[in-house]
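J.: I need the structure of the sequence given here:
(one chain, ligands or ions: 1)
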Amino acid sequence: MALTAEEVAAQKEQTRKQWNANPCGQVGDIEYSPEYFENVEEYRYNGYGDWMRDFYRYDDHQGVRLLEVGFGQGTDLVQYAKGGAECYGVDITENHRELAIANFSSRGLNAELFLEDAADLHFEDGYFDKVVSFGVLHHTPDIEQCVDEVHRVLKDGGEFVISLYHKNSAFWWFTKFLKEGIFKGKLLTIGYSGLKATIERGADGKEIKPYVKLYTRRSLRKLLKDFSKVEIHVKHLYGKNFWPLGRLIPKPILRALEPRLGWYVIARATK
Ligand SMILES: C[S@@+](CC[C@H](N)C(=O)[O-])C[C@H]1O[C@@H](n2cnc3c(N)ncnc32)[C@H](O)[C@@H]1O
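T.: All right, here's what the predicted structure looks like:
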């Protein structure tokens, strides 16, 4: 059932509450210093997602006019800027914008960063060569409208790279649903939508309950129906996702299972 405008606005308020309190990818205490942003970057690409640099090829964006939807602390956008892109970003969380501005200025790089909802972009039609969004639009109940806006601001032949949480993943079914939902009883105390909200660090699924929707290869493809070419990937699988087997699973098996059971379902879509 479609949400009312007030319900959508309330969900977005929860989003701001979550990330104003818990900046995404925070490492240690928040500091507006070059060392802090370097630590965030180090953890992101060498701890959290060791596949990301190879997959997104940040270095290869000379002269590309690029928009990031939901830039967070600006960690990925900084990589695109280092790779030669002309960078723009939108995000609805005030703290994230302040952190991202500090991140860019600590490196002497430029980006135009707006406090703006992806559902209502101010850019003119066909302005961008590329739009990217990592771990963002599964938090917004009006995702279809956001995708329409992305389609509008892309040039013909432009590329949209979108990464969303994957429902058919080891992390969701083993770690969240089985371990926390059933074994620890959270499905009874905070329910299904509460359990999904606790995917986010600092969210308790009650007081802080950001909206989370999980996607499959099929539902992501459906979302991108207006794009001419869509290529889907699934990435991000680690032994710790398979509770309670943990680190018993050998690396070659993890590599073979990643395209089915990884935590991110990703599309490269061409307008
Ligand atoms: C999980 S964080 C990801 C941030 C960053 N992409 C990263 O990977 O570190 C989700 C971000 O999406 C932003 N966001 C959620 N809904 C949005 C919307 N409708 N328009 C713009 N930004 C949105 C939030 O404010 C938050 O900064």
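J.: any residue of the lengthiest strand in the chain up close to the ligand?
T.: In the chain, taking DSSP state E as the definition, the longest strand is strand 154-165. No. Residues of strand 154-165 are not located near the ligand by CB under 6 Å from any ligand atom, the shortest gap being 8.2 Å. Where C-beta positions appear, they are placed from N, C-alpha and C, glycine not excepted.
J.: Sheet partners, orientation included, of that strand?
T.: Its sheet considered, strand 154-165 pairs with strand 128-134 (parallel), strand 264-270 (antiparallel) by DSSP bridges.
J.: which one of the ones you listed is the most hemmed in?
T.: When neighbours are counted by mean count of other CB atoms under 10 Å, the highest per-stretch mean among those falls to strand 128-134, a mean of 23.
J.: Return the residues of the stretch 1-150 of the chain in contact with the ligand.
T.: Along the stretch 1-150 of the chain, the residues adjacent to the ligand under the rule CB under 6 Å from any ligand atom are 15, 19, 24-25, 69-70, 72, 75, 90-93, 96, 117-119, 134-136, 139-140, 146.
J.: would you list the strands paired with strand 154-165 in JSON lines and tack on distance to Lys82 and mean pLDDT?
T.: Supplementary listing: these in JSON lines, determined by distance: least, CB to CB, whole Å; pLDDT from 0 to 100:
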{"stretch": "strand 128-134", "distance to Lys82": "14", "mean pLDDT": "98"}
{"stretch": "strand 264-270", "distance to Lys82": "21", "mean pLDDT": "98"}
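J.: Same list (these) but as JSON lines, adding distance to Val230.
T.: Conversion of the strands paired with strand 154-165 to JSON lines gives the following (distance: least, CB to CB, whole Å):
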{"stretch": "strand 128-134", "distance to Val230": "14"}
{"stretch": "strand 264-270", "distance to Val230": "5"}
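J.: Distance check, Lys271 against the ligand.
T.: Lys271 sits at a distance of 20 Å from the ligand (criterion: CB to the nearest ligand atom, to the nearest Å).
J.: now that residue, nearest residue through space, not along the chain?
T.: With sequence-adjacent residues excluded and distances taken as CB to CB, 6 or more residues apart in numbering, Lys271 is closest to Leu154, at 4.5 Å.
J.: For the one you found, name its beta-bridge partners.
T.: Leu154 forms beta bridges with Phe128, as assigned by DSSP bridges.
J.: I figured it was touching Phe123, is that so?
T.: No. The criterion here is CB atoms under 8 Å, and Leu154 misses it with Phe123 at 9.9 Å.
J.: what does stretch 229-248 contact?
T.: 49, 51, 55, 166, 169-171, 174-175, 178-179, 217, 220-221, 224, 249, 254, 257-270 (CB atoms under 8 Å, 6 or more residues apart in numbering).
J.: Those residues in helices, which ones?
T.: Among those, DSSP state H puts Phe55, Ala170, Arg217, Leu220, Arg221, Leu254, Leu257, Glu258, Pro259, Arg260, Leu261 in helices.
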